[in-house]
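Enquirer: Output the structure for:
(one chain, ligands or ions: 1)
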Amino acid sequence: MEHITSDGRILVMTAVEGEREAVLRGLKGDTRFKVELAGVGAPSAAASTALALAAGGFRLVISAGIGGGFIETAALESVVVADAIIAADLGAETANGFSSVDELGFGSSRIAVNTGASQRIVQALRAAGQTAVAGPILTVTTATGTSSTAEQLANRVPGAAAEAMEGYGVAVAANKLELPVMEIRTISNAVGPRDRAAWRIKEALQALEAAFSTLTEVI
Ligand SMILES: O=C(O)c1cccc(C(=O)CC[C@H]2O[C@@H](n3cnc4c(=O)[nH]cnc43)[C@H](O)[C@@H]2O)c1
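Expert: You can find the predicted model right below:
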């Protein structure tokens, strides 16, 4: 996949150490990658990514970790590769509902990715035996905990596949340096009512490890 990267390193940002360790296990010492901690939430992720990128020499930035899945699109333990990274709650509440920063004229809540590259990674993951889909990954400030919020987000972003809390922050930092960005999430829980007994964090971390193992073969 030389059109994603050729020379230069790939920076992978994860929110927490458990995710970082899973990615590192999958990479098996591949020195083309550097894996750093973003912290939880888009502001921390943006600052951490900017600091990491200051070292220079990167060709691609990937926001990676576990996430919530819009379950009719992304099943538990599956992989979602972003075809867009969207700050889904960045905007204003109005009498007529939510207005995005785009609608308010303050900027863009959507960061584009190389959708061809996302599709090719999805194909490679499927060929390796994982369930994978490309779709919009939402960045939220508050993890969704009700069916009503899940429904609002799904209506706001048609085709929404997953939500997490860092992608938009990582992408803003990459964008500032005109670097391409991707987001890869493995699904630990359904977006909706919190049901801890149903969370599959261990399995999602195993899926994350497997996804990065495949990535080293195609990138
Ligand atoms: O408890 C553990 O063992 C553990 C291991 C690895 C990661 C975690 C996390 O809690 C990661 C937090 C991270 O995950 C994203 N996330 C996961 N599910 C959702 C969701 O439904 N909505 C939004 N974000 C979600 C998020 O990016 C967090 O930063 C725990």
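Enquirer: Residue 207 is in contact with residue 78, correct?
Expert: Yes. Taking contacts as Cβ atoms under 8 Å, residue 78 lies within contact range of residue 207: 7.3 Å. For every residue, glycine as well, the C-beta is placed using N, CA and C.
Enquirer: For the two, indicate the residue with more neighbours.
Expert: residue 207 (26 against 21; other Cβ atoms under 10 Å).
Enquirer: before we move on, back to that, need the overlap of contacts for residue 78 and residue 207.
Expert: 130, 186-187 (Cβ atoms under 8 Å, 6 or more residues apart in numbering).
Enquirer: PyMOL command to pick out the buried ones of the residues you listed?
Expert: Listed next is the PyMOL selection for buried residues among the shared contacts of residue 78 and residue 207, using 16 or more other Cβ atoms under 10 Å:
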select buried, resi 130+186+187
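Enquirer: In strands, which of the shared contacts of residue 78 and residue 207 fall?
Expert: Judged by DSSP state E, the shared contacts of residue 78 and residue 207 include 186-187 as members of strands.
Enquirer: Out of the shared contacts of residue 78 and residue 207, which is nearest to the ligand?
Expert: residue 187 (8.2 Å; Cβ to the nearest ligand atom).
Enquirer: Need the nearest residue in space to the closest one, chain neighbours excluded.
Expert: residue 69 (3.6 Å; Cβ to Cβ, 6 or more residues apart in numbering).
Enquirer: what number of residues lie near the one you found?
Expert: Neighbour tally, residue 69, other Cβ under 10 Å: 28.
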